[in-house]
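Asker: This is a predicted model, with the sequence first.
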Amino acid sequence: MSEPAVAVIGVTKIFPVPFQRRSVVALRDLTLRVSPGQIYGLLGPNGSGKSTTLKIILGLVPPTKGRAEIFGKDSNLVASREAVGFLPESPYFHKYLTGEETLRFHGKLGGLRGAALKNRVEELLALVGLTNARKRRLGGYSKGMLQRIGLAQALVHEPALVVLDEPTAGVDPAGAGEIRDLILHLKERGITVLLSSHLLGQVQEICDRVGILANGVLVREGALDDLLGIENQTELVLENASPELLGEIETLASKRGARVLDRRRPRTSLERVFLEATESPREQTRRDTP
Amino acid sequence: MIRPRHRAFSLGRIVAITGNTLTELTRLKVFYVLLLFALVLIGTSIFMAQLTFQQEFQVVKDIALGAMSIFTSLLAVVTTARLLPQEIEDRTIYTILAKPVPRVEYLLGKLLGVLLLLALSIIAMGALFFIVLYLREQTVLYETTRQMSTAPPEQMADALRAVRASAFSAGLLPGIAIIYVKACLLASLTLFVSTFATTTVFTTVVMVFVYFIGHLQGIAREYWLQNNSAGWITKSLLALVALLFPDLQLFNRTDDIIAGNAIPLALFLKTATLGLFYTGFYLLLAWSLFFRKEL
């Protein structure tokens, strides 16, 4: 069995409340494992412990009990962060820096220098579609652009694991779609992605495995297909099926002891309708051009 | 891409954080307002005519060194106080510390950024001060030469020598260096306070108190210890204050410089070493708190 990209082992986190005797239990005996190459979604309502889990994994907050590991290295060790890129929730970044300066700064922190740094910055600006905005200060970036430059800084030192805290929070559907595509692109490149979100539709679309946190406890965990699939039901989607054919299928099914529970037209998603309606003419032309 | 091997301590990372901090601070309006105010104050000292040239030089030095001392101290506190709370509030600290950056490097980089800014400021103020002093000296030299045109050459040479000696005294550069060291100490102490403070305002208020206690504690100690009736409680309290707060009066050499007295080399080295020791000591204290700080 390969070494997990992330292993959280029996982690409990208790925050003392200042000037009071009581304390708040943010996480209770949490154990989870993210395999390399997976997109893992950590779900849960506000205050369920998602951000605390991510901070413990990143070594920003020490656990009260238990431990976290990144590719086998203890999260408290600085060296474990060599393999991680992180995009915090609603990041502000240094507004006084331009997009290019931001990537150069984070690249230097990741140990890049000279031509390697220059090439990597160029590559990432192109990847997140901000080449034209490279000289603009981040103070003038839109929310979607900030998320994209945030994702770029998380990737600058080529980490094998990317941790994203609410990556599409506050971003419009078009921006969220771009970020989703970038996440899928990371998976294609073999990068493990651990993301927290409460946008369930998006998680369902991209994640291989999910964990659901509630009040600091992992209440459900597993592969998305296992969690969502109904074991004794099968979905058939037919094209150009006549009413007669459908009738025959129903008859055959009942003869063999099965039952048709529902018959409906598949619907496109509201997101797709929105994106098609708001797509700019330039993008349409680009898409239509062979 | 070949990933460079992680190093436990990297000068490159510290330089990156230092550069970023310096960029941040030099793009702040408060920096330019403070610097401009100090420069205007130093510049206007040229117009303050007095009865004798000695008095004139003294006024220029008094105003310039006073402005340098106050503004570098103010700049050290105001700029350092906002660094950590601001980064935590903006969550920019997460993206930095989620990279392979040890917290000691982060603090060191931040502090060095401030120290570099203070160095640039004091160089700008010092340069203007020397220009003002030089211009006053040239005016006085011209006036003296004109007034003593009929005097014997030896007498005129003595008078010109006296003018030059009054303008540029030996203690000026070491004096400015001590002002800088004091600002470094204050910046490091502010960084330490900001590791447990939650807001910039709290850090600044604490530092205002520390500044006054630091300047007054030497005088209070002298007064109480000379008084034989001081009991062990008073002595213990004074010892505690002396341990917690640096005696900032030790870094106040302005009066000696204005009076034209040179700062002995041993005293200069002792003061500078003490200031640098305090700077390092407070940085260590800051790190000891920041090391396990929950972000």
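Answerer: Done, it's in. None of these values were measured; they are calculated from a predicted model.

Asker: Figure out how far the longest helix belonging to chain B is from the centre of its chain.
Answerer: Assignment by DSSP state H gives helix B:103-147 as the longest helix of chain B. The gap between where helix B:103-147 is centred and where its chain is centred comes out at 12 Å by C-alpha atoms, centre = their mean, to the nearest Å.

Asker: Give me the next element, helix or strand, following it.
Answerer: For helix B:103-147, the following helix or strand on the C-terminal side (DSSP states H and E) is helix B:153-167.

Asker: Tell me the first helix or strand C-terminal of that next one.
Answerer: Following helix B:153-167 in sequence order, the next helix or strand is helix B:172-196 (DSSP H and E).

Asker: Could you find the closest non-adjacent residue to residue A:165?
Answerer: Distance criterion C-beta to C-beta, 6 or more residues apart in numbering or on different chains; nearest residue to residue A:165, sequence neighbours excluded, is residue A:89 at 4.2 Å. The way it works is simple: take the backbone N, C-alpha and C, and place the C-beta from them, glycine included.

Asker: Against residue A:198, how distant is that neighbour?
Answerer: In this structure, residue A:89 and residue A:198 are 11 Å apart, going by C-beta to C-beta, to the nearest Å.

Asker: Which neighbours do those two have in common?
Answerer: Listed contacts common to residue A:89 and residue A:198 are residue A:166; contacts here mean C-beta atoms under 8 Å, 6 or more residues apart in numbering or on different chains.

Asker: Write out the residues of the stretch 51-200 of chain B neighbouring chain A.
Answerer: Proximity of the stretch 51-200 of chain B to chain A is confined to B:90, B:91, B:92, B:94, B:95, B:96, B:97, B:98, B:99, B:100, B:101, B:102 under the rule C-beta under 8 Å from any C-beta of the partner chain.

Asker: so residue A:24 bridges to which residues?
Answerer: residue A:15 (DSSP bridges).

Asker: ok, it to residue B:292 distance?
Answerer: Between residue A:24 and residue B:292 the computed distance is 19 Å (C-beta to C-beta).

Asker: which SSE is residue A:33 in?
Answerer: When elements are assigned from DSSP H and E, residue A:33 belongs to strand A:23-34.

Asker: List the contacts of that strand.
Answerer: Contacts made with strand A:23-34 from outside it, assessed by C-beta under 8 Å, 6+ apart, are listed as A:4-17, A:40, A:49, A:52-53, A:56, A:63, A:65-66, A:161, A:192, A:194, A:209, A:211, A:213, A:215-218, A:221.

Asker: Tell me the helix or strand right after it.
Answerer: With elements assigned by DSSP H and E, the helix or strand that comes after strand A:23-34 is strand A:39-43.

Asker: model confidence over that following strand, on average?
Answerer: Strand A:39-43 shows an average pLDDT of 92 in the prediction.

Asker: Which SSE is immediately downstream of it?
Answerer: Scanning forward in sequence from strand A:39-43 by DSSP H and E, the next helix or strand is helix A:50-57.

Asker: Direction included, what does the helix or strand that comes right after that following helix pair against?
Answerer: In the C-terminal direction, the helix or strand that comes right after helix A:50-57 (DSSP H and E) is strand A:65-70. For strand A:65-70, the paired strands and their directions (DSSP bridges) read strand A:6-16 (antiparallel), strand A:73-74 (antiparallel).

Asker: winner for burial among those?
Answerer: Mean neighbour counts were taken over the strands paired with strand A:65-70 using mean count of other C-beta atoms under 10 Å in any protein chain shown, and the top value, a mean of 18, falls to strand A:6-16.

Asker: give the contact list for the most centrally placed residue in chain B.
Answerer: Relative to the mean C-alpha position of chain B, the nearest C-alpha, by C-alpha atoms, centre = their mean, is the one of residue B:183, at 2.6 Å. Under the criterion of C-beta under 8 Å, 6+ apart, the contact partners of residue B:183 comprise B:72, B:73, B:75, B:76, B:118, B:122.

Asker: give the contact list for the closest residue to it other than its chain neighbours.
Answerer: Nearest residue to residue B:183, sequence neighbours excluded (C-beta to C-beta, 6+ apart): residue B:72, at 3.9 Å. For residue B:72, the residues meeting the contact criterion (C-beta under 8 Å, 6+ apart) are B:118, B:121, B:122, B:125, B:179, B:180, B:182, B:183.

Asker: Out of the residues you listed, the closest to residue B:57 would be?
Answerer: If you rank the contacts of residue B:72 by distance to residue B:57 using C-beta to C-beta, residue B:125 comes first, at 17.4 Å.

Asker: What residues does the stretch 1-150 of chain A have near chain B?
Answerer: Applying C-beta under 8 Å from any C-beta, we find that the stretch 1-150 of chain A lies next to chain B at A:15, A:55, A:58-62, A:78-79, A:81-82, A:84-94, A:96-97, A:101, A:105-106, A:108-113, A:116, A:120, A:150.

Asker: Filter those down to just the ones in strands.
Answerer: Helix and strand membership here follows DSSP state E; of the residues of the stretch 1-150 of chain A next to chain B, those in strands are A:15, A:84, A:85, A:86, A:87.

Asker: The residue nearest to residue B:183 sits in which helix or strand?
Answerer: helix B:53-90.

Asker: One more: residue A:18?
Answerer: In the assignment (DSSP H and E), residue A:18 maps to no helix and no strand.

Asker: ok, it - how many residues close by?
Answerer: The number of residues packed near residue A:18 is 5, by other C-beta atoms under 10 Å in any protein chain shown.

Asker: Let's verify residue A:218: helix, strand, or coil?
Answerer: Secondary structure state of residue A:218, per DSSP: H, G, I helix; E, B strand; the rest coil, is strand.

Asker: close enough to count as contact, it and residue A:211?
Answerer: Yes - contact status for residue A:218 versus residue A:211: in contact at 5.4 Å, counting by C-beta atoms under 8 Å.

Asker: Quick check: phi and psi on the residue lying closest to residue A:214 once chain neighbours are set aside?
Answerer: Using C-beta to C-beta, 6+ apart and skipping the chain neighbours, the partner closest in space to residue A:214 is residue A:48 (5.4 Å). Summarising the backbone geometry of residue A:48 under the convention degrees, to the nearest 10, its torsions are phi -80, psi -10.

Asker: what's the spacing between residue A:48 and chain B?
Answerer: Residue A:48 is 18 Å from chain B, where distance means C-beta to the nearest C-beta, to the nearest Å.
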